[in-house]
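J.: sequence and predicted structure below; questions after.
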Amino acid sequence: MRCVAMRAHQFPKSSIIDRIIYDDEARTLCISFRGTGKYIYEGVPAALFEAFCRAASAGSFFNERIKDRYRFRRDPERRRFGPNA
């Protein structure tokens, strides 16, 4: 039986990111973007999740420390809308 160790953090003041969820065992970071859905980033160190939680700006932190640095995929549960979704 797998014991899932997950931690979450919300960003109520961010206009881009709603919340993040980190799976310690899988080293994955799920980011819920406002308006575009959820994406799962692989191989993310726990220390990066912790720094993300303390960031003054969630959007800036994402752009500087995560975007284009980690492999990602769309959350399979994500609802898709629009002609190109």
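T.: Yep, that arrived. Residues are numbered from 1 along each chain as shown.

J.: for residue 59, phi and psi?
T.: Per-residue torsions, residue 59: phi -60, psi -40 (degrees, to the nearest 10).

J.: separation between it and residue 34?
T.: For residue 59, the distance to residue 34 (Cβ to Cβ, to the nearest Å) stands at 10 Å. From N, CA and C alone the C-beta is placed, and that goes for glycine too.

J.: what do those two both touch?
T.: Common neighbours of residue 59 and residue 34, counting by Cβ atoms under 8 Å, 6 or more residues apart in numbering, are 14-17.

J.: will you turn those into JSON lines that also has neighbour count?
T.: What follows is these, written out as JSON lines (neighbours: other Cβ atoms under 10 Å):
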{"residue": "14", "neighbour count": "18"}
{"residue": "15", "neighbour count": "11"}
{"residue": "16", "neighbour count": "16"}
{"residue": "17", "neighbour count": "20"}
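
J.: okay, residue 59 and residue 34: which has more neighbours?
T.: Ranked by neighbour count (other Cβ atoms under 10 Å), residue 59 and residue 34 place residue 59 first, with 15 against 12.

J.: quick check: that one touching residue 13?
T.: No: the criterion here is Cβ atoms under 8 Å, and residue 59 misses it with residue 13 at 10.5 Å.

J.: if anything else comes up later, I'll come back, but that's it for now.
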